[in-house]
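S.K.: got a sequence here, can you build the structure:
(one chain, ligands or ions: 1)
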Amino acid sequence: MKLSISECKEKLKSAEMILVGVGKEFEVQLDDVIKYNEIYKKFKDDIDSMPADEGGWLEYAIFYHELVSGKNPIVEEKVELLNKLYEMLEGKNIFVISICNHDIIRQSRFNKEKMVSPCGTTLKMECNVGCKKDVYNAIEIYEKIYKRLELFYKDEIFDKQYIMQFIPICEKCESLMELNLLGSVSYSEEGYLDRWEYYQQWLAGSINRQIVLLELGVDFNTPTVIRFPFEKINMINTKSTLIRVNEKFSMLTPEIVERATSVSKSSKNFIEELEQV
Ligand SMILES: [Zn+2]
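M.R.: Have a look, this model is predicted:
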């Protein structure tokens, strides 16, 4: 089936449920984001002189500050795009599944309770030898580190020894903590399991209902998280519609062509055109 942009919009408008799959097109790169930060510009060489797994915490503290500042151009471009989509879908029963690590989606207006990130998030941390599977909130650490960096900036002195005491270590085995990301040495799935269960319940409620699966810029990196499951839901639920938006990989498998449409555009273009029609 081939749907025009305005037909896609009609489908979204008449849907009872909408499942949004957020792909790597909404990811940002740490380096691109933090280079706008004045503290980072001043102390970049000092941070680079630290061991990577320790200095990395300083970079992520700066990243977090930029993420929530509402002023970083790289972050805001993505957030604004997501908010445009949100405004068009407002009031609908929506769930968001994301494969992005940097949690741009959490800065948007989408409901944070109805969001799951199975590939992990830079907002959580775990022991880097995996001595236990517990996952902790990293935000408090970022805020503590950033507060010290601000003082360094004011005093124009970077004190490496002092800042080291704020780098998080495991309370059980005293190893360094690492970010809770798929691909980390000791990735713990504990970080997303409660949202995952909620997602499964939500999905179970979509049987026989008009659901639109809106897949935005999802490539083949981790196809088992969004791409393949969306195809499966589309195959099983005869009232579902899959809208696959992807500049390069919008192809559909023969089994789903009946109820799926491919849009060979970037998500940015798709959302902006959706706004126009
Ligand atoms: Zn440990």
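
S.K.: in whichever helix or strand residue 147 is part of, what's buried?
M.R.: Here residue 147 is covered by helix 139-155, with elements defined by DSSP states H and E. Judged by neighbour count (16 or more other Cβ atoms under 10 Å), helix 139-155 contains these buried residues: 141-142, 145-146, 148-149, 152-153. For every residue, glycine as well, the C-beta is placed using N, CA and C.

S.K.: each with direction, which strands does the longest strand seen in the chain pair with?
M.R.: The longest strand of the chain (DSSP state E) is strand 120-127. Based on DSSP bridges, the pairing partners of strand 120-127 within the sheet are strand 136-137 (antiparallel), strand 177-181 (antiparallel).

S.K.: in the longest one, what counts as buried?
M.R.: Right, the one you point to is strand 177-181. Residues 177-181 are the ones in strand 177-181 that count as buried (16+ other Cβ under 10 Å).

S.K.: let me know the closest of those to the ion.
M.R.: Of all these, the one sitting nearest the ion is residue 177; the distance, using Cβ to the ion, is 8.2 Å.

S.K.: okay, the closest one: pLDDT?
M.R.: The confidence metric pLDDT takes the value 96 at residue 177.

S.K.: isn't it up against residue 170?
M.R.: Yes. With contacts defined as Cβ atoms under 8 Å, residue 177 counts as touching residue 170 at a distance of 6.1 Å.

S.K.: overlap in contacts of those two?
M.R.: Common neighbours of residue 177 and residue 170 (criterion: Cβ atoms under 8 Å, 6 or more residues apart in numbering): 127-128.

S.K.: and the nearest residue to residue 164 once chain neighbours are set aside, its phi and psi?
M.R.: Counting by Cβ to Cβ, 6 or more residues apart in numbering, the nearest residue to residue 164 once its immediate chain neighbours are dropped is residue 54, at 6.8 Å. For residue 54, the backbone dihedrals are phi -100, psi -50 (criterion: degrees, to the nearest 10).

S.K.: give me the neighbour count for residue 54.
M.R.: For residue 54, the count of nearby residues is 14 (other Cβ atoms under 10 Å).

S.K.: now do residue 241
M.R.: Using other Cβ under 10 Å, residue 241 is surrounded by 23 other residues.

S.K.: is it bridged to anything, and to what?
M.R.: Residue 241 has the following beta-bridge partners by DSSP bridges: residue 212.

S.K.: shouldn't it be in contact with residue 11?
M.R.: Yes. Look at residue 241 against residue 11 with Cβ under 8 Å: they come within range, at 5.1 Å.

S.K.: so what sits against both of these two?
M.R.: Joint contacts of residue 241 and residue 11 (Cβ under 8 Å, 6+ apart) are 3, 212.

S.K.: picking up where we left off before, mind giving me TSV with the strands paired with strand 120-127 and columns for distance to the ion?
M.R.: As requested, the strands paired with strand 120-127 are arranged in TSV below (distance: least, Cβ to the ion, whole Å):
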stretch	distance to the ion
strand 136-137	11
strand 177-181	8
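
S.K.: which one of those lies nearest to residue 74?
M.R.: When the strands paired with strand 120-127 are compared by Cβ to Cβ, strand 177-181 sits nearest residue 74, at 19.0 Å.

S.K.: mind listing residues that contact the following helix or strand past that closest one?
M.R.: Under the assignment DSSP H and E, the closest C-terminal helix or strand after strand 177-181 is helix 193-204. By Cβ under 8 Å, 6+ apart, the surrounding residues in contact with helix 193-204 are 17, 19, 95, 97, 113-118, 233.

S.K.: show me which residues of the stretch 51-200 of the chain sit near the ion.
M.R.: 127, 131, 170, 172-173, 175 (Cβ under 5 Å from the ion).
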